[in-house]
Every structure is written in structure tokens, then in C-alpha cells.
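K.L.:
Provided below are the primary sequence and the corresponding predicted coordinates.
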Amino acid sequence: MRNRRDPAKRQALWLRYWAIRNDHANGHATPILWHLALGHDPLMMITLAAALPARGRLSDRFSQAGLCYRAWRLGNCHGAQHLAMHAFNTNDMLGYRFWLRRAANAGDADAARELKRFETRLPHVNASRVRRRRPYRKHDFA
């Protein structure tokens with residue numbers, strides 16, 4: 001597969017990845033993830049970033065942060081959302097607002113709602129690690 005951007009080959013790789021991942025087909029999913037991510041597939045960049053163990057820096061192209069940043073630069077709003085959540089989980093409220101705004105501008109409706117409320121306390125488990133956890137509210141389920 002020399003051409004990473006051929007739509008038919010990319011579709012076949014996507015189907016193979018999901019067969020391995022969800023249907024427990026034979027094979028390894030990680031090389032397929034790398035192949036699709038290096039072929040500039042923003043969704044696979046984010047999926048690969050979630051599978052990597054270390055956070056890394058934005059300038060490191062093959063770290064969690066670098067892959068999410070590149071996915072955001074390619075137009076995927078979820079890359080900026082991932083960077084915003086990492087900033088929140090490290091107690092970086094300026095970075096949290098910065099990346100929430102980028103995600104909202106890229107078209108993420110959830111990020112736009114979060115930015116409008118801009119809560120510095122959230123109900124998820126990771127927020128308790130930085131002492132910013134709060135109970136669930138009605139609007140969390142809507």
C-alpha cells in the first residue's frame with residue numbers, strides 16, 4: 001500500500017481496524033492505526049493518541065499532544081477538545097479555556113456549551129485528582 005491517501009485502501013484499512021478492534025478478528029490493530037494516522041487521517045490520529053502512554057509536547061509529532069494538535073490543524077474539533085481536557089486535568093485553566101475556544105471555533109457544540117458556562121469544576125473522576133470535582137447536575141445528562 002504505497003499510497004496512504006487512496007480512498008479505497010483507506011476504507012479497507014478502516015474496516016480491517018474495526019474488525020480487529022470490535023469483532024475480535026485476527027491481527028494487530030496498532031500498525032493499522034499508525035498507518036492511517038501517518039496518512040493524515042484526523043480521527044485515527046486522535047485514536048492513536050488515546051492509545052499512547054505518555055502525554056508529550058505539542059512539538060513532538062508522535063506524542064499524544066502532537067497527534068491531537070495535528071488532528072486539530074487538519075480540521076477535526078476533537079483534537080482541540082482532547083487538548084482542553086488534558087489542560088483541565090493538569091490544572092491549567094488558561095490552557096483549558098484556550099483549547100475549548102479552539103474546539104468551539106472548529107465546530108464542537110459540546111465545547112461551545114462548556115465554554116459558555118466555563119466551569120472550573122467538573123464531575124468526572126480525573127477532576128478529583130486536581131481537586132476540582134463536583135457532583136453531577138441535571139445539565140450534565142442533557
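P.N.:
Here it is on my side, so go on.
K.L.:
Now do the same contact list for residue 25.
P.N.:
By CB atoms under 8 Å, 6 or more residues apart in numbering, the residues touching residue 25 are 16, 19. All C-beta spots, glycine's among them, are computed from the backbone N, C-alpha and C.
K.L.:
what's the distance between it and residue 140?
P.N.:
Taking CB to CB, to the nearest Å as the measure, residue 25 falls 36 Å from residue 140.
K.L.:
Report how many residues lie close to residue 36.
P.N.:
Using other CB atoms under 10 Å, the number of residues around residue 36 comes to 21.
K.L.:
ditto for residue 7
P.N.:
The number of residues packed near residue 7 is 8, by other CB under 10 Å.
K.L.:
who's in contact with whatever helix or strand residue 87 lives in?
P.N.:
Secondary structure from DSSP states H and E places residue 87 in helix 77-89. With contacts defined as CB under 8 Å, 6+ apart, helix 77-89 is touched by 42-43, 45-46, 49-50, 55, 64-65, 67-73, 93-96, 98-100, 102-104, 106-108, 110-111, 122, 126-127, 129-130, 132.
K.L.:
how many neighbours does residue 115 have?
P.N.:
Residues lying near residue 115 (other CB under 10 Å) number 19.
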